[in-house]
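# I'll drop the sequence and a predicted model, then ask my questions.
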Amino acid sequence: RLGFAASTVSRFEQQTLAAFVQRGLYARHLRRAANLYRKKQQLLLEELEKMEGTIVSGAQAGLHFLLTIPGKSEQWLVERARAAGVPVRGLSGYCRECTCPESTLVLGFAGLKLEEIPAAAKALREAFEK
């Protein structure tokens, strides 16, 4: 049962990772990734600002944030987004012992390519306007 405990990483892989870190390549990778994610987030937020009556929160949280659209049910929002080809999750799926804000979606942007963001945001806008 605990066979994974004896599973070790090869010496070659450990030395490769050590060199990656020592040469500053890991720090460089993190800077590049952070810059890319910042651009994605900024673009998505700009696109979502075009949607009237929405509230964005938690943008400082990382690779996702919350989008609240008062007056619409979470289920309706999720269904409309998915029908438009934009997979989203409702916040209630993450709430267990607390009260979740109604009409709130969790939007992640890490997996989107920068050039896909305007079309995805437009699809959401159009889906929610109907």
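Received the coordinates, thanks.
# V106: which element?
Per DSSP states H and E: V106 is located in strand 104-108.
# just the C-alphas of that strand, formatted as PDB.
Presented in PDB, the C-alpha positions along strand 104-108 are these (Å, rounded to 0.1, in the frame of the first residue of the first chain):
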ATOM      1  CA  THR A 104     -21.900  33.900  -9.000                       C
ATOM      2  CA  LEU A 105     -19.500  32.000 -11.400                       C
ATOM      3  CA  VAL A 106     -15.900  31.100 -11.000                       C
ATOM      4  CA  LEU A 107     -14.000  32.100 -14.100                       C
ATOM      5  CA  GLY A 108     -10.500  30.700 -14.600                       C
END
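# need the contact partners of that strand.
By CB atoms under 8 Å, 6 or more residues apart in numbering, the residues outside strand 104-108 that reach it are 44, 63-69, 74, 77-78, 81, 88-94. The C-beta positions use only the backbone N, C-alpha and C, and glycine is treated the same way.
# what's next to the helix or strand hosting L124, contact-wise?
Taking DSSP H and E as the criterion, L124 maps to helix 117-129. Helix 117-129 has contacts (CB under 8 Å, 6+ apart) with 40, 43-44, 47-48, 50-51, 69, 72, 77, 80-81, 83-86, 88, 109, 112.
# could you report the distance from the residue nearest to S57 when sequence neighbours are not counted to V78?
Once flanking residues are discounted, S57 sits nearest to L66: 4.8 Å by CB to CB, 6 or more residues apart in numbering. Distance check for L66 against V78: by CB to CB, to the nearest Å, it reads 13 Å.
# ditto for Q22
Applying CB to CB to Q22 and V78 gives a distance of 46 Å.
# who's more crowded, these two?
V78 (18 against 9; other CB atoms under 10 Å).
# next SSE after whichever strand or helix holds that one?
Counting by DSSP H and E, the element that carries V78 is helix 74-83. Using DSSP H and E, the helix or strand that follows helix 74-83 in sequence is strand 89-90.
# show me what that following strand is packed up against.
helix 74-83, strand 104-108 (3 or more CB pairs under 8 Å, 6 or more residues apart in numbering; DSSP states H and E).
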